[in-house]
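Q: Sequence first, then the predicted structure:
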Amino acid sequence: MDERTERLLAAVDRLAPAFEASGLDELELDVGDLGVRLARPTAIAPLPAPAAADPAPGGSVQPSAPTPSDDGYASPESGRHHVTAPLTGVWYDAPSPGARPYVGERSEVAAGQVIGLIEAMKLFNEIKADASGTITRVLVESGTLVKRRQPLVEIDPN
């Protein structure tokens, strides 16, 4: 093992306990042209569908245009639902290169159906629809790096 690799591993040994005790989800360390990324395991769980609010008595509710949400991504159109990335990684819309995509625009999906894969740390994680309906928009191109909570597809619930 060369000196640079030994220095990097020594730095990881020193940082690992601090990373474990911190509230950080990820930590990247680069020493010259060598690098390492520490990340906490992320459970893949579907997000609950937002509950519809009751309109105020005697008033009407006007649909609003999509607005940025707390995570910086645009909210789906009224009545629609976004399936979001549960972790950071590379999005793939098909099980292998050249294969047909799992879903596309106008595809009917059921809750729990696989709609794509996210590769993170050489592991492929199935991404499943957390609502049934029709896919109205695919928001990410296959092979693109996606961040945690980034919308992947928009579903119009049935």
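A: Yep, that arrived.
Q: in terms of contact, does Asp93 touch Thr144 like I think?
A: No - the pair formed by Asp93 and Thr144 falls short of the contact definition of CB atoms under 8 Å, at 9.7 Å. Yep, even glycine has a C-beta here, placed from its N, CA and C like the rest.
Q: out of the two, which sits in the more crowded spot?
A: Applying other CB atoms under 10 Å to Asp93 and Thr144 shows that Asp93 carries more neighbours, namely 22 against 13.
Q: Can you report phi and psi for that one?
A: phi -90, psi 0 (degrees, to the nearest 10).
Q: residues contacting it?
A: Taking CB atoms under 8 Å, 6 or more residues apart in numbering, we find Asp93 in contact with 101-104, 115-116, 138, 142.
Q: Try it again at 6 Å.
A: If a contact means CB atoms under 6 Å, 6 or more residues apart in numbering, then Asp93 has 101, 116, 142 as its contacts.
Q: got the domain boundaries for the protein?
A: 3-39, 81-157 (automatic domain parsing).
Q: Let me know which of those domains is tucked in deepest.
A: The highest mean neighbour count among the domains of the chain belongs to domain 81-157 (a mean of 17), with neighbours defined as mean count of other CB atoms under 10 Å.
Q: First-to-last residue distance for that one?
A: Across its full length, domain 81-157 reaches 7 Å between end residues, using CA to CA, to the nearest Å.
Q: now do stretch 117-133
A: Looking at stretch 117-133, the gap from its leading to its trailing residue is 19 Å under the measure CA to CA.
Q: Would you map the helices across this structure?
A: With DSSP state H, the ranges of helices along the chain come out as 3-21.
Q: Averaging pLDDT per element, find the lowest-scoring helix or strand in it.
A: Least confident helix or strand of the chain, by mean pLDDT, DSSP states H and E, is strand 26-31 with a mean of 72.
Q: mean pLDDT lowest for which of the domains of the chain?
A: The stretch with the lowest mean pLDDT among these is domain 3-39, at a mean of 75.
Q: Spatially central residue for this protein, please.
A: The geometric centre of the chain, computed from its C-alpha atoms, lies nearest to Ala85 (CA atoms, centre = their mean), at 1.2 Å.
Q: for that one, what are its contacts?
A: 146, 148, 150, 152.
Q: ok, so of the residues you listed, who is nearest Glu26?
A: Within these, distances to Glu26 taken as CB to CB reach their minimum at Arg148, with 9.1 Å.
Q: Fine, thanks again, bye for now.
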